[in-house]
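Colleague: Whatever this is, show me its structure:
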Amino acid sequence: MSLASLLQIPIWLLALIGVAAIALAVMLATPLTQPPPLASIQAGAMAIGQEGKPELSRFQARDGTWLAYRLYPAAHGETDRLAILAHGSSASSDEMHVIAKGLAASGVAAVAFDARGHGASGTRGDIAYLGQLDDDLADLVAELRRPYPKARLTLIGHSSGGGFALRIAAGPLGAAFERFVLLAPYLGYQAPTNRPSEGAGRWAATDLPRIAAITILRRIGIDWPQSLPVIAFASAPEAAMFVTSRYSFRLLVNYGPPPDWKGALEGAASRIALIAGENDELMDAPAYRNVVAPLGVRVTLLPGVDHMGIVHAPEALAAIGEAATR
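Modeller: Sure thing, here's the model as predicted:
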């Protein structure tokens, strides 16, 4: 813009632009705070057995990055069914070990993967662009089609991984899967299935001013702030080696549900099973029955099971096995 053009802009408009720029800068600079460790999640994670866990395997995604997963061949060599397991927020493939092991023992081959930004896949807490996790899953499916060319695929996701599984169900890659099993799925910040994130049940702290600023800038084509951390999880400091304690904006948006979670459920209802524990401290289990079941989704609520119990409690494993093979 020339100097002459600038001189034609009213002073008040320049001032307004300056104030908006300062406001956005202040919103971006708002510090992200770490919530105190949530004891129930830590205890639940520690209760997940790791006996018989296979070593990590790796595949090369389309951007050249090597991503990690664990393969659980079916007990008797069956190759007609394959379940892919997506862990919850901050976790890794370790979280899904007991489920994968149980499925393999029942004749369903299983793969538990470290989503990019978690575990041994990529840079902890970040991805390169929105939609990269969808591309990674497509690349993993292509990799698995070599040993399992005709297997019927099931995508199983826990918590944020359940929201991600719903995102896949609603997108182009959804056609690759025969069914989806959502375990206490996170359906979005404003979904009626969430419990208030506060007090003893606070799992995550979000930097709302930073998210708002990034969203505004994204709409005008400025993408670089999407790499900034916008959410911190209530993980214990001693678990830092094993978990991802913070997500960037783009990881938060990509590893979770689609914007229209209700429409996604309605569109794939016949292929979705939802399982949750009645004692879930992060999700409102009765709301799944009241809000999700009327959409045509089969909802199973398990007495005495909490948010982490859904990935290792015997009754949960039985329900997951039934949903994956029905």
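
Colleague: Would you state the helices of the stretch 151-300 of the chain in chain order?
Modeller: All helices of the stretch 151-300 of the chain, identified by DSSP state H, counting those that start in this stretch, fall at 160-169, 208-219, 249-254, 261-267, 285-287.

Colleague: ok, and the closest non-adjacent residue to Leu32?
Modeller: Counting by C-beta to C-beta, 6 or more residues apart in numbering, Leu32 lies nearest to Asp207, which is 4.5 Å off, once chain neighbours are set aside. From N, CA and C alone the C-beta is placed, and that goes for glycine too.

Colleague: who are the neighbours in contact with that neighbour?
Modeller: Under the criterion of C-beta atoms under 8 Å, 6 or more residues apart in numbering, the contact list for Asp207 reads Thr30, Pro31, Leu32, Thr33, Pro229, Val230, Ile231.

Colleague: Out of these, who's the most crowded?
Modeller: The most neighbours of any of the contacts of Asp207, using other C-beta atoms under 10 Å, belong to Val230, which has 26 neighbours.

Colleague: so it touches Ser248, yeah?
Modeller: Yes. The pair Val230 and Ser248 passes the contact test of C-beta atoms under 8 Å, sitting 6.7 Å apart.

Colleague: What residues sit buried inside stretch 54-62?
Modeller: Buried residues in stretch 54-62, defined by neighbour count with 16 or more other C-beta atoms under 10 Å: Pro54, Leu56, Phe59, Ala61.

Colleague: Likewise for stretch 76-95?
Modeller: Taking 16+ other C-beta under 10 Å as the basis for neighbour counts, the residues of stretch 76-95 that come out buried are 78, 81-95.

Colleague: Any idea what the nearest residue to Glu178 once chain neighbours are set aside is bridged to?
Modeller: Excluding the flanking residues, the one nearest Glu178 by C-beta to C-beta, 6+ apart is Arg152, at 4.5 Å. Arg152 has these beta-bridge partners by DSSP bridges: Arg81.

Colleague: Wait, Arg152 touches Ala176, no?
Modeller: No. Counting by C-beta under 8 Å, Arg152 sits too far from Ala176 to count as a contact (10.2 Å).

Colleague: packing partners for the helix or strand Ala138 falls within?
Modeller: Element membership for Ala138, per DSSP states H and E: helix 132-144. Helix 132-144 is packed against strand 57-60, strand 66-72, strand 81-86, strand 109-113, helix 160-169, helix 249-254, with contacts defined by 3 or more C-beta pairs under 8 Å, 6 or more residues apart in numbering; DSSP states H and E.

Colleague: who's in contact with it?
Modeller: 59-63, 67, 69, 82, 84, 111, 113, 115-116, 121, 127, 151, 153, 164, 167-168, 171, 173, 176, 250, 254-255.

Colleague: got the buried residues for that helix?
Modeller: Those would be Gln132, Leu133, Asp134, Asp135, Asp136, Leu137, Ala138, Asp139, Leu140, Val141, Glu143, Leu144, for helix 132-144 by 16+ other C-beta under 10 Å.

Colleague: rewinding a little: to Ala323, which of the helices and strands packed on helix 132-144 lies closest?
Modeller: Proximity to Ala323, assessed across the helices and strands packed on helix 132-144 by C-beta to C-beta, is greatest for strand 81-86 (10.1 Å).

Colleague: Surely Pro147 is in a strand?
Modeller: No. The secondary structure assignment for Pro147 gives coil rather than a strand, going by DSSP: H, G, I helix; E, B strand; the rest coil.

Colleague: Burial check on it, number of neighbours?
Modeller: Neighbours around Pro147, by other C-beta under 10 Å: 12.

Colleague: Repeat that for Asn290.
Modeller: The burial count assigned to Asn290 is 13, neighbours taken as other C-beta under 10 Å.

Colleague: just the one 10 residues further on next, same as before
Modeller: Using other C-beta under 10 Å, Thr300 has 19 other residues around it.

Colleague: Who is the closest residue to it other than its chain neighbours paired with across the strands?
Modeller: Distance criterion C-beta to C-beta, 6+ apart; nearest residue to Thr300, sequence neighbours excluded, is Ile275 at 4.7 Å. Under the criterion DSSP bridges, Ile275 forms beta bridges with Leu183, Thr300.

Colleague: Contacts only, for Ile275.
Modeller: When contacts are counted by C-beta under 8 Å, 6+ apart, Ile275 is found next to 181-184, 299-302, 310, 316, 319-320, 323.

Colleague: go again using 6 Å as the cut-off
Modeller: Counting by C-beta atoms under 6 Å, 6 or more residues apart in numbering, Ile275 makes contact with Leu183, Thr300, Ala319.

Colleague: Give me the pLDDT for the first one.
Modeller: The per-residue pLDDT reported for Leu183 equals 98.

Colleague: Isn't it up against His158?
Modeller: Yes. Under the criterion of C-beta atoms under 6 Å, Leu183 lies in contact with His158, with a separation of 4.2 Å.
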